[in-house]
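In: One predicted model, sequence on top.
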Amino acid sequence: MLATKRRRTTKKELKESIDAFVSKRVGFVISKIETLSFLTDFNIDTLQGNIVLNISYFPEDRLKEALKIMGKVFDSPYVISNRLMIAKSGEKIGTFTIPQGNIGVGTVCSVVINGIFLKAGIPVTSKFGGVIEIENGNPKRFISLISYEGSSLDPLVIFIRSGMTDVLGALKHNSGKVLGSFREIPTVSLRETEMLIEKMVKSGFNGVMLLGKPNQPLLDIPVGTDKVGMIVVGGLNPIAAIEEARIYTESHAMSTLYEYTKLLSFRDILKMLSDKLLHP
């Protein structure tokens, strides 16, 4: 019986196999987080550079209602930053064009925190996106978690679509359910992290809700060896609140890079909008 001769894989076929594998991996959220963290060149000292925006939109005839709701969220601790961008249908926010009949909103994505930490020499590992129960104004526990490594859709978008949030309850009664994520940093960087968080808060970034202790669980979530847990607020909480008010929204998390200096505070956005939009 003759032995079957094995055919040697060509370089071209090997490259195609590798490309196919990579293309599948790119579909996972963690790959996008890592890529955008590196591309974020925002400087916390000068407040200049590109950050990552989530792009969401809703019907333009619900603008007045949406603004009232968003105003409350942007005055709360449940946003990364009080800066955002807004656009009419047909206009662009970064590379994203707002569909006809809609108002687009660009909110600061929590990936900016990864970028800020990375530029400071502090590696951050994004582990889970989830829904955090708030009790008496304080984070109590995660009621739902989705791993970034095993999901091809952003977990926070999934939770919004599933109606699992209660941001309005957290605002009105100090008890509710908000979007957040779980990250890890090395224990050796804890002191530098605390100093960086102080600098971020002074610069208008209130994204870090809780910072844990070395090798200890945070909100009952265990951490790796020589790691510290960190809870970061979700950038899509303003959109979750709109959805809770039965205003249909569509969100594209981690959608585009955008120059931070072009963003406006929520109060400035209200001033910028024409009387025709506010009082049709």
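Out: Done, it's in.

In: what are the ranges of the helices in the stretch 1-150 of the chain?
Out: Assigned by DSSP state H, counting those that start in this stretch, the stretch 1-150 of the chain shows helices spanning 11-26, 29-39, 63-74, 111-119.

In: just checking, what packs against the shortest one?
Out: In terms of contacts (3 or more CB pairs under 8 Å, 6 or more residues apart in numbering; DSSP states H and E), helix 111-119 is packed against helix 29-39, strand 50-59, strand 176-186, helix 190-202. Every residue, glycine included, has its C-beta placed from N, CA and C.

In: let's see 7 Å
Out: helix 29-39, strand 50-59 (3 or more CB pairs under 7 Å, 6 or more residues apart in numbering; DSSP states H and E).

In: between these, which gets nearest to Leu257?
Out: When the helices and strands packed on helix 111-119 are compared by CB to CB, strand 50-59 sits nearest Leu257, at 4.4 Å.

In: now that closest one: how far from the chain's centre is it?
Out: 10 Å (CA atoms, centre = their mean, to the nearest Å).

In: just the helices and strands packed on helix 111-119: most buried one?
Out: Stretch with highest mean neighbour count among the helices and strands packed on helix 111-119: strand 50-59 (a mean of 24; mean count of other CB atoms under 10 Å).

In: contacting residues around that one?
Out: Contact with strand 50-59 is made by 36, 40-42, 66, 85, 93-94, 96, 98-99, 101-109, 111-112, 235-236, 239, 242, 247-260, as judged by CB atoms under 7 Å, 6 or more residues apart in numbering.

In: for stretch 143-152, same thing?
Out: So stretch 143-152 is in contact with 27-30, 33, 126-131, 133, 155, 158-159, 164, 177, going by CB under 7 Å, 6+ apart.

In: how close does Asp119 get to Val232?
Out: Heads up, residue 119 is Lys, not Asp. For Lys119, the distance to Val232 equals 16 Å [CB to CB, to the nearest Å].

In: Name the nearest residue to Phe266, ignoring sequence neighbours.
Out: Nearest residue to Phe266 in three dimensions, chain neighbours excluded: Phe74, at 4.1 Å (CB to CB, 6 or more residues apart in numbering).

In: so what's that neighbour up against?
Out: Applying CB under 7 Å, 6+ apart, the residues near Phe74 are Asn82, Pro238, Phe266.

In: neighbour count winner among Lys119 and Val232?
Out: Val232 (23 against 17; other CB atoms under 10 Å).

In: I figured that one was touching Val112, is that so?
Out: No. At 10.0 Å, Val232 does not count as touching Val112 under the criterion of CB atoms under 7 Å.

In: coming back round to it: who wins for proximity to Leu171 among the helices and strands packed on helix 111-119?
Out: strand 50-59 (18.3 Å).

In: in its sheet, what does that closest one sit against?
Out: Strand pairing for strand 50-59, determined by DSSP bridges: strand 102-108 (antiparallel), strand 250-259 (antiparallel).

In: tilt between it and helix 111-119?
Out: 180 degrees (axes from the mean of the first three to the mean of the last three CA atoms, to 10 degrees).

In: Lys64: neighbour count?
Out: 12.

In: now swap in the one 3 residues further on and tell me
Out: Counted with other CB under 10 Å, the neighbours of Leu67 add up to 19.

In: check contacts around Val124.
Out: Asn114, Phe117, Leu118, Arg183, Ile185.
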